[in-house]
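> For reference, the sequence and a predicted model appear below.
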Amino acid sequence: MSPRRARRRTERVGEGRPLLGRLAEVEEHPDGDWVVRPVTGATATKGYRCPGCDQEIPPGVRHVVAWRPDDAADRRHWHNPCWAARDRRGVKVHRSKNAPHYG
């Protein structure tokens, strides 16, 4: 049996809250639903650490932000290819909520 592919549905998530009120996609993955919002290079003004490859996403680089629908405070910034390959590769770094991270 082949692994289940991610399915996407576009909807407005979290009406009334500035971060969540933007147009985002809810993607269904084998490990559950994820809210995914694209970040353009023009709006990427800070550096982040990608959990897929553990490399920096420098300012000005297009990427995505992903979080569980019930935990927007634990959102992570991913390179686009790292997010696309996440189901096949997994996560390189598992940080606890108390560990320092970019963001």
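Yes, it's here. What you are looking at is a predicted structure, and each value in this text was computed from that prediction instead of being measured.
> Pro51 reaches Arg76, doesn't it?
Yes - between Pro51 and Arg76 there is a contact at 5.2 Å, judged by Cβ atoms under 8 Å. Using the backbone N, CA and C atoms, a C-beta is placed for each residue, glycine as well.
> In terms of pLDDT, where does Val35 sit?
Model confidence at Val35, given as pLDDT, is 95.
> who are the neighbours in contact with it?
Shown in contact with Val35 (Cβ atoms under 8 Å, 6 or more residues apart in numbering): Val13, Leu20, Ala24, Glu25, Val26, Glu27, Ala66, Trp67, Arg68, Pro69, Ala72.
> do that again at 6 Å, thanks
Contacts for Val35 (Cβ atoms under 6 Å, 6 or more residues apart in numbering) come out as Val13, Ala24, Val26, Trp67, Pro69.
> which of the residues you listed has the most neighbours?
Ala24 (23 neighbours; other Cβ atoms under 10 Å).
> Okay, and the beta partners of it?
Glu11 (DSSP bridges).
> residue ranges with poor pLDDT in this structure?
1-22, 90-103 (pLDDT under 70).
> which residues touch stretch 53-62?
40-41, 44-48, 50, 63, 77, 82, 92-93.
> Buried residues, it. List them.
Cys53, Ile57, Val61 (16 or more other Cβ atoms under 10 Å).
> hey, where'd the helices end up in the chain?
For the chain, helices defined by DSSP state H occupy the ranges 80-84, 86-89.
> Of those helices, flag the one that's most buried.
Among the helices of the chain, helix 80-84 has the highest mean neighbour count (mean count of other Cβ atoms under 10 Å), at a mean of 17.
> export that one as PDB, just CAs?
The C-alpha coordinates for helix 80-84 follow below in PDB (Å, rounded to 0.1, in the frame of the first residue of the first chain):
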ATOM      1  CA  ASN A  80       9.300  25.100  -0.100                       C
ATOM      2  CA  PRO A  81      11.200  21.900  -1.300                       C
ATOM      3  CA  CYS A  82      11.700  20.800   2.300                       C
ATOM      4  CA  TRP A  83       8.000  21.100   3.000                       C
ATOM      5  CA  ALA A  84       7.100  19.300  -0.200                       C
END
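> before we move on, back to that, which of the buried residues of stretch 53-62 sits closest to Arg86?
Cys53 (10.5 Å; Cβ to Cβ).
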